[in-house]
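>>> Predicted model follows, preceded by the sequence.
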Amino acid sequence: MNKKIIALAVAAAAFGTQASAVELYNNDGSTFSIGGHVSVSAKGNSDVGGTDIISNSPRINFTATQDLGNGFTADARGEYAIDYLDGGADSFTTRLGYIGVTHEDFGRAVAGTQWSPYYDVAGIADMPIAFANDFLYDNHGALGTGRAENMVSYRNDIQLGDNLSIFGGLGWQDNATTGFDSRGQVALGANFADFMVGYSYNAGDRTAGVASKQEATSHALSAKYGSYGNGLYVAAVYTMNEYMHGTSNYNGVANPGADVGIALKDTDAVEFIAAYAFANSLNLSINYEAVESNESGLYNGTVYSQMAFQAEYNITPTFVTFAGYQLDLGSDLTGTENDMWNVGVRYYL
């Protein structure tokens, strides 16, 4: 397994994607750390007016790693949503909870609620703080398109040269979520210098949102160049889906766990982002997203389409300001538009 990838896997287990974490213990091959972030922003609707103060998905995580010897490293993480703006009624709901074992040659196995192999391929445009990739989060826990619940996964990366590697992943979920049967997925891809291309397939039956049991499937294709937050970054994702997206999300606002509405039989989705981070850490980006339904009749046409212009600036490595304006480009299902803006700050633990 690529030594760079293995190092990133263990680092991700210890610190996640945040800029830093507090390491409380490091002795004799064992570590324990606390990380996460909190955010506060003002979010408004340009068409109907009004401004809300929101928290932008705050979380806290606890991570332990242990050197098992013979090249194996174990890690365990619990990550929980925290709610500090409206009384904390939804605090400490689980975002992630897993145990993993990683080896430089044999790869990485993980069991629990985790980011899925499908997301490794399809999530490469899901980067900005204010507005990002909504369609991945349409019942993502049960469908395994984002943070997959009840999943066992395996990943490996094989180095073929100084600048070339191929990677792959397998994932399986049980049927613990009502309305969704067990699911499987596979991801494949290659990294060459600063480029990456990937493909993933995700399949399993569902009864939620359909008249009778149907197989919900998704093919995801993606490509990217660069690293987000470091100079030029360009990424694109295209998915072809059956019964993966529901009409409850046609306003373009992801609402995981909500009523799925009617599961659409045949949809295509696309996400594109172009970003440039200057040497002073100012990161400017533009992203476009759309979901199209290929059904005949009432649910044919654009489910939603939107474009956002965004900026992020690191005052310090752990204190980030951000602003974004999202244009609603229209929906054939609703005929209404809903432009939105979001301005705030995020502090990484």
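Looks like it came in fine. Residues are numbered from 1 along each chain as shown.

>>> List the buried residues for the one helix or strand residue 232 maps to?
Taking DSSP states H and E as the criterion, residue 232 maps to strand 230-242. By neighbour count on 16 or more other CB atoms under 10 Å, the buried set for strand 230-242 is 233-237, 239, 241-242. All C-beta spots, glycine's among them, are computed from the backbone N, C-alpha and C.

>>> How far does that strand sit from its chain's centre?
12 Å (CA atoms, centre = their mean, to the nearest Å).

>>> cool, and stretch 173-186?
From the chain centre to the centre of stretch 173-186 is a distance of 18 Å (CA atoms, centre = their mean).

>>> quick revisit: show me the contact partners of the strand holding residue 232.
Contact with strand 230-242 is made by 121-125, 127, 133, 135, 214-228, 265-277, 285, as judged by CB atoms under 8 Å, 6 or more residues apart in numbering.

>>> repeat that for 6 Å
If you take CB atoms under 6 Å, 6 or more residues apart in numbering as the criterion, strand 230-242 is touched by 122, 124-125, 217-226, 266-277.

>>> And the buried ones among those residues, selectable in PyMOL?
This is the PyMOL syntax for the buried subset of the contacts of strand 230-242, where burial follows 16+ other CB under 10 Å:
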select buried, resi 122+124+125+217+218+220+221+222+223+224+226+266+267+268+269+270+271+272+273+274+275+277
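
>>> Inside strands: which ones of the contacts of strand 230-242?
Among those, DSSP state E puts 217-226, 267-277 in strands.

>>> Going along the chain, name the helices of this protein.
Here the chain has its helices, by DSSP state H, at 3-15, 117-122, 140-143.

>>> tell me the contacts of residue 116?
Applying CB under 6 Å, 6+ apart, the residues near residue 116 are 144, 148, 171.

>>> just curious, which of these is nearest to residue 62?
Set against residue 62, the nearest of those by CB to CB is residue 148 (20.1 Å).

>>> Report the buried residues of stretch 291-311.
Neighbour counts over stretch 291-311 (16+ other CB under 10 Å) mark 291-293, 299, 302-311 as buried.

>>> what's the answer for stretch 307-327, then?
Result for stretch 307-327 [16+ other CB under 10 Å]: buried residues 307-314, 320-327.

>>> for stretch 278-294, same thing?
Going by neighbour count (16+ other CB under 10 Å), the buried part of stretch 278-294 is 283, 285, 287-293.

>>> from these, which is closest to residue 73?
The shortest gap between residue 73 and any of those belongs to residue 283, at 31.7 Å (CB to CB).

>>> Setting the sequence-adjacent residues aside, check what's closest to that closest one.
Spatial nearest neighbour of residue 283, chain neighbours left out: residue 277 (4.1 Å); criterion: CB to CB, 6 or more residues apart in numbering.

>>> pLDDT value on that neighbour, please?
We have a pLDDT of 98 for residue 277.

>>> quick one: which of the buried residues of stretch 291-311 sit in strands?
Applying DSSP E to the buried residues of stretch 291-311, the entries found in strands are 291-293, 302-311.

>>> Could you work out the most separated pair of these?
Greatest spatial distance in those: 293 and 311, 32.5 Å, computed using CB to CB.
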